[in-house]
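Chemist: Fold the following for me, if possible:
(chains A and B, ligands or ions: 2)
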Amino acid sequence: MADKGLIKTRAEDAFAGHFASLPADDPMRDIRADAFGAFAQKGLPHRRIEDWKYTDLRALMADAPAPAAPAAPEVAASAMTRADLFDGIERDRIVFVNGHFVPSLSETSGLGDAVEFASLGRFLADGGAILDRYDLADPANAPVLALNSAFVGDGAAIRIKEGAKLARPLEIVTLFAGDEPGLQTLRHQVAVEAGAEATILQTYAGPDGVAYQTNIVAEIRVAEGARLNWIKAQEEGDEAFHLGLILPRLEAGAVFDPFIFGAGSAVARSEIRMAFDGEDAISNIRGTTIARGSQHIDTTLVLDHAVPGGLSREFFKAAIDGEAKGVFQGKITVRQAAQKTDGQMMSQALLLSERAEFANKPELEIFADDVQCAHGATCGQIDEDMLFFLRSRGIDAKTAQQLLVQAFLAEAIEQIGDEAIIDVLEARTRRWLGVAEAA
Amino acid sequence: MLEIKNLRVKVADEDAEILRGMDLKINPGEVHAIMGPNGSGKSTLAYVLAGKDDYEITAGEVLYNGANLLEMAPDERAAAGLFLAFQYPIEIPGVGTMTFLKTAMNAQRKARGDEELTTPDFMRRMKEVAQKLKISPDMLKRPLNVGFSGGEKKRNEILQMALLEPTLCVMDETDSGLDIDALRIVADGVNTLRAPDRSFLVITHYQRLLNHIVPDVVHVLSKGRIVKTGGKELALELEERGYADFVEEAA
Ligand SMILES: Nc1ncnc2c1ncn2[C@@H]1O[C@H](COP(=O)(O)OP(=O)(O)O)[C@@H](O)[C@H]1O
Ligand SMILES: [Mg+2]
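Modeler: Ligands and ions are numbered 1, 2, ... in the order given. Down below sits the predicted model:
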């Protein structure tokens, strides 16, 4: 209690109330109680906690809604139009609405024998879910992970079998429906077995004007020589609060390429805490943030190179307009044993208005001597000379600005390597910029 | 076509004047050359005409086809037919050369109330001009000016000029950084654009370019003022005697 003061915030009180109202006969009760205890002890993280310095949840989270009830089928079905980002791509789809798996909206026929999928809800109901793999005494884990274990209602347990190569992407949709605030808490557990290859898309969407919350934890294991592309499209409604934590473990020679597209929500934090467990694993972590109004979008990466030969690339771009605030924190730790680690991190932000803000915090912590690591961070305005050049050719100021911002963000998007996904995210970016699409 | 009257210009947050009372009149179809030593204000004049806002106009006016040019936005000036070939063309990562060209052409057509070009029409037009300027299709696929050599950047400026069909072409040291072959290509590109209703203001430090693009009138600029005006032979005279004489005459 000492480091947090005596007064609880309204949101902390609300969480306590919601936790007390959970069913008493829940077979996961003890694990949940431990987790909630870990949360209650520290409370919401605030600006004096280093990891949360720029995203002070005590200040930003005004309240916490109760866990959402499943949406009525017709409400859920009609809300699906919000999760249409990847509609142009042939894919399988697992849909969660208000934190509950909805088989009728899902499409898993393409998964065949290569993939085993079960909703975590089943294991939660029979007490068999494993939620306690992480040390909740670690303050880094406490807020999001502890709340997740306390309230989780469902999730996707996915096993991509050894050597399987998915023919088309699998999308996990996290959709909020209805006009009452609610809390949706999901835990995904994904194992990509040795030599398997998959692309998993994640779409987050919900209504504007509803102060719902999403808490999502994804535990990911990419086994030896396996490859996983993980595209997260965060398009939550404009009053939503999004807390996402991705926990990948990479085994020898694994390749894990996440992309974080942050566009929605009032407040969002997308965090990746990655462990390089096996030698010579590779991770290319990229993303773009586009924010305006009073949005607050935080991307936090914590990479732990524990073994030799790992390669990590981080490349993030942000365009911040209005009074919005963007945050990028990237920390690469290279332990003494992790010789020949190659880590490069770059974060670039473009401020499109006077009151836009961006906090850029790259960090290297290196204990090995034979490594190649570098980081760079920039934050600036649109280049006036470029703008003038375009205008001198007859392009009006607005169009010229759109071209330049689009070009700036595209540099990160184009590294995804999959043309169909690049097209989707670039088109989405143009819509954000207000570019009229050619007929 | 263009009339500059007693133009005085300084950099927005500094005191010293760069252009100190300049007068110049260009009639339709004429080619004027402005020559002058480094720092005499040649690029400043070019930028002020194109509408760069680093400068403050303290006196004078500029009429372009009778309209007050200095009140127009840079893109309005372009749509009205003014084109500046930059001394240092800007690199714009991420913006494809073709996307840029098409956006610019259609923006100007739209501003003038013309139909937008279809993609096939645009491609045909662009390929034709690019070939004449020896610009490879590969260059057109790259981001604007990124990784272009100095000469390629200058040819790319002429490509834009040819596609946008301006009525007043201001060329700021287009010859600098060009070898003799590239100079000839650029000059040919310019000469084919010469027309009774199109004027040129060719800014150069050296006489060499003017062997290929033969001017009607040559002006000598020194310390922000035109100190001498003459025919094309003035350029040769300058080359022989150097700028020093003229600068002293003016002093
Ligand atoms: N944006 C600017 N800021 C400060 N000084 C400038 C700027 N533009 C031009 N000048 C100054 O004005 C003078 C003329 O420059 P410029 O027009 O580039 O000459 P030229 O093109 O004839 O070499 C120089 O002394 C130059 O330093
Ligand atoms: Mg100059």
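Chemist: Going by C-alpha atoms from here, please, whenever you check contacts or count neighbours.
Modeler: Will do.
Chemist: Tell me where the model's unsure across the stretch 101-250 of chain B.
Modeler: Filtered on pLDDT under 70, the stretch 101-250 of chain B yields the residue ranges B:247-250.
Chemist: could you redo the last one with a cut-off of 80?
Modeler: Applying pLDDT under 80 to the stretch 101-250 of chain B flags the ranges B:243-250.
Chemist: For it, what lies in contact range of chain A?
Modeler: Neighbours of chain A within the stretch 101-250 of chain B, by CA under 8 Å from any CA of the partner chain: B:103-105, B:107-108.
Chemist: I'd like the distance between A:Thr289 and A:Gly326.
Modeler: Distance of A:Thr289 to A:Gly326, computed by CA to CA, to the nearest Å: 8 Å.
Chemist: what about whichever residue of the stretch 1-150 of chain A sits closest to ligand 1, neighbour count?
Modeler: Shortest the stretch 1-150 of chain A-to-ligand 1 distance, computed as CA to the nearest ligand atom: residue-wise this is A:Tyr54, at 37.3 Å. When counting by other CA atoms under 10 Å in any protein chain shown, one arrives at 22 neighbours for A:Tyr54.
Chemist: Next one: it relative to chain B, how far apart?
Modeler: 30 Å (CA to the nearest CA, to the nearest Å).
Chemist: ok, now A:Ser78?
Modeler: Taking CA to the nearest CA, one finds A:Ser78 at 38 Å from chain B.
Chemist: Go ahead and list the helix or strand containing that residue.
Modeler: helix A:73-79 (DSSP states H and E).
Chemist: those helices in the stretch 151-251 of chain B, which residues are they?
Modeler: Secondary structure of the stretch 151-251 of chain B (DSSP state H, counting those that start in this stretch): helices located at B:180-193, B:209-212, B:233-241, B:243-250.
Chemist: near chain B, which residues of chain A?
Modeler: Counting by CA under 8 Å from any CA, chain A sits next to chain B at A:385-386, A:388-397, A:403-404, A:407-408, A:410-411.
Chemist: Can you select the buried ones from those in PyMOL?
Modeler: Selection of buried members from these for PyMOL, criterion 16 or more other CA atoms under 10 Å in any protein chain shown:
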select buried, chain A and resi 386+388+389+390+391+392+393+394+395+396+397+403+404+407+408+410+411
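Chemist: Which ones among the residues of chain A next to chain B map onto helices?
Modeler: Taking DSSP state H as the definition of helices, the residues of chain A next to chain B contribute A:385-386, A:388-391, A:397, A:403-404, A:407-408, A:410-411.
Chemist: sorry, back to before: in space, what's closest to the residue of the stretch 1-150 of chain A closest to ligand 1 - neighbours in sequence excluded?
Modeler: Excluding the flanking residues, the one nearest A:Tyr54 by CA to CA, 6 or more residues apart in numbering or on different chains is A:Arg47, at 6.4 Å.
Chemist: which residues touch A:Leu60?
Modeler: Shown in contact with A:Leu60 (CA atoms under 8 Å, 6 or more residues apart in numbering or on different chains): A:Val267.
Chemist: Do you know the pLDDT at it?
Modeler: Predicted confidence (pLDDT) at A:Leu60: the value is 97.
Chemist: Please work out how many residues are found near the residue lying closest to B:Leu2 once chain neighbours are set aside.
Modeler: Leaving out its chain neighbours, the residue that sits closest to B:Leu2 by CA to CA, 6+ apart is B:Tyr64, at 4.7 Å. Applying other CA under 10 Å, we find 20 residues neighbouring B:Tyr64.
Chemist: Pretty sure B:Tyr64 sits against B:Glu3.
Modeler: Yes - with contact defined as CA atoms under 8 Å, B:Tyr64 reaches B:Glu3; the gap is 6.5 Å.
Chemist: can you map out the strands along the stretch 151-300 of chain A?
Modeler: Applying DSSP state E, counting those that start in this stretch to the stretch 151-300 of chain A gives strands spanning A:156-160, A:170-175, A:183-192, A:197-205, A:213-222, A:227-235, A:241-250, A:255-262, A:267-276, A:282-291, A:296-305.
Chemist: can you check the stretch 1-150 of chain A too?
Modeler: Assigned strands in the stretch 1-150 of chain A, in chain order: A:92-97, A:100-101, A:115-119 (criterion: DSSP E, counting those that start in this stretch).
Chemist: got a list of contacts for the second one?
Modeler: By CA under 8 Å, 6+ apart, the list of residues contacting strand A:100-101 from outside reads A:70, A:94-95, A:119, A:121, A:153-155.
Chemist: So which of the residues of the stretch 101-250 of chain B next to chain A belong to helices?
Modeler: Filtering these for helices - DSSP H - leaves B:103-105, B:107-108.
Chemist: wait, which of the residues you listed is closest to A:Val371?
Modeler: B:Thr103 (45.5 Å; CA to CA).
Chemist: Could you list the domains of chain A?
Modeler: Taking automatic domain parsing as the criterion, chain A consists of the domains A:10-278, A:383-439.
Chemist: Off-centre distance for the longest one?
Modeler: Distance, stretch centre to chain centre, for domain A:10-278: 9 Å (CA atoms, centre = their mean, to the nearest Å).
Chemist: again, but for the shortest one
Modeler: The gap between where domain A:383-439 is centred and where its chain is centred comes out at 24 Å by CA atoms, centre = their mean.
Chemist: that older thread, for the residue nearest to A:Tyr54, list the residues it contacts.
Modeler: A:Arg47 sits next to A:53-56 when contact means CA under 8 Å, 6+ apart.
Chemist: List the neighbours of the helix holding A:Ser78 that are in contact with it.
Modeler: Under CA under 8 Å, 6+ apart, the answer for helix A:73-79 is A:97, A:105, A:175-178, A:206.
Chemist: Mind doing that once more with 7 Å?
Modeler: With contacts defined as CA atoms under 7 Å, 6 or more residues apart in numbering or on different chains, helix A:73-79 is touched by A:97, A:177-178.
Chemist: Please tell me the pLDDT value assigned to residue 53.
Modeler: Here I'm looking at chain A. pLDDT, A:Lys53: 95.
Chemist: ah, no, chain B please
Modeler: Turning to B:Asp53, the model gives it a pLDDT of 92.
Chemist: coming back round to it: between the ones in helices among the residues of chain A next to chain B, which sits nearest ligand 1?
Modeler: A:Asp385 (11.0 Å).
Chemist: Could you check how far the closest one is from A:Ala368?
Modeler: In this view, A:Asp385 and A:Ala368 are 43 Å apart by CA to CA.
Chemist: And the contacts of stretch B:94-114?
Modeler: Contacts for stretch B:94-114 (CA under 7 Å, 6+ apart): A:393-395, A:407-408, A:410-411, B:79, B:115-117, B:122, B:140-144, B:164.
Chemist: In strands, which of the residues you listed appear?
Modeler: Of the contacts of stretch B:94-114, the ones assigned to strands by DSSP state E are B:143-144.
Chemist: Determine the number of other residues adjacent to A:Glu50.
Modeler: 11.
Chemist: Isn't B:Pro28 up against B:Arg198?
Modeler: Yes - if you go by CA atoms under 7 Å, B:Pro28 and B:Arg198 touch, sitting 5.8 Å apart.
Chemist: more crowded one of the two?
Modeler: Neighbours per residue, other CA under 10 Å: of B:Pro28 and B:Arg198, the larger number sits with B:Arg198, 19 against 16.
Chemist: from the chain's centre, how far out does stretch B:119-132 sit?
Modeler: Put simply, stretch B:119-132 sits 22 Å off its chain's centre (CA atoms, centre = their mean).
Chemist: Need the residues that contact it.
Modeler: Applying CA under 7 Å, 6+ apart, the contact partners of stretch B:119-132 are B:102, B:159.
Chemist: what does stretch B:50-57 give?
Modeler: Outside stretch B:50-57, the residues that touch it by CA under 7 Å, 6+ apart are A:388, A:392, B:8-12, B:73-74, B:77, B:84.
Chemist: Turn the buried ones among those into a named ChimeraX selection, would you?
Modeler: The buried subset of these, as determined by 16+ other CA under 10 Å, is captured in ChimeraX by this line:
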select /A:388,392 /B:8,9,10,11,73,74,77,84
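Chemist: now, which of the contacts of stretch B:50-57 lie close to ligand 1?
Modeler: B:Val11 (CA under 6 Å from any ligand atom).
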